[in-house]
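Student: Predicted model follows, preceded by the sequence.
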Amino acid sequence: MVNHVKNTICLWYDGDAENAARFYAKTFPNSSVGAVHLAPGDFPSGKKGDVITVEFTVMGISCIGLNGGPTFKHNEAFSFQVATENQAETDRYWNAIIDNGGQESACGWCKDKWGVSWQISPLALTKAVFGSDPVVAKRAFDAMMKMKKIDIAAIEAAIRG
């Protein structure tokens, strides 16, 4: 059955949409792989019977992975932002992405091995940076700007001054 959700994010992959979907489903809560659709005929980046689309959910967000070939690449203009409760959860998601062929970036951003960007954002950081105290916000922001993976204890120390 075809996904009939009114708004679905379509992510373009170079032949590896099913593996990406399965990785997301095992890594993030409220995530799953749905229908896997095979191409009814040959297409520019594949043959009849190849996986052409995969329906999946990432943390409650409906997605479709399209095996569209090498023409388009993911970039930071799109990212999944994952709010984490504590350092253990932050570490778990960050390490899962990095240890599976991903890349670290700055300020809590990383990319998975397929090039999809992720913001692993502890709620402690978000509350500090966007809270009502401008001094706390600046301290937390300045600390974040020096980090790759967010270190909540370092953010809390910066907040205290």
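Tutor: Received the coordinates, thanks.
Student: Report the central residue of this structure.
Tutor: residue 118 (3.5 Å; C-alpha atoms, centre = their mean).
Student: Name the single longest helix found in the protein.
Tutor: helix 87-99 (DSSP state H).
Student: average pLDDT for it?
Tutor: Computed over helix 87-99, the mean pLDDT rounds to 98.
Student: contacting residues around it?
Tutor: Identification of contacts with helix 87-99 by C-beta atoms under 8 Å, 6 or more residues apart in numbering yields 27-28, 82, 84, 104, 110-112, 118, 120, 122, 149-153. Any C-beta I mention is one placed from the backbone N, CA and C, and that applies to glycine too.
Student: Restricted to helices, list these.
Tutor: Using DSSP H, 27, 152, 153 are the members of the contacts of helix 87-99 that sit in helices.
Student: For the buried ones among those, write the corresponding PyMOL selection.
Tutor: To isolate the buried ones among the ones in helices among the contacts of helix 87-99 in PyMOL, judged by 16 or more other C-beta atoms under 10 Å, type:
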select buried, resi 27+152
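Student: Could I get the ones in helices among the contacts of helix 87-99 in JSON lines, plus columns for pLDDT and distance to residue 140?
Tutor: JSON lines is the format used below for these (pLDDT from 0 to 100; distance: C-beta to C-beta, whole Å):
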{"residue": "27", "pLDDT": "98", "distance to residue 140": "27"}
{"residue": "152", "pLDDT": "98", "distance to residue 140": "10"}
{"residue": "153", "pLDDT": "98", "distance to residue 140": "12"}
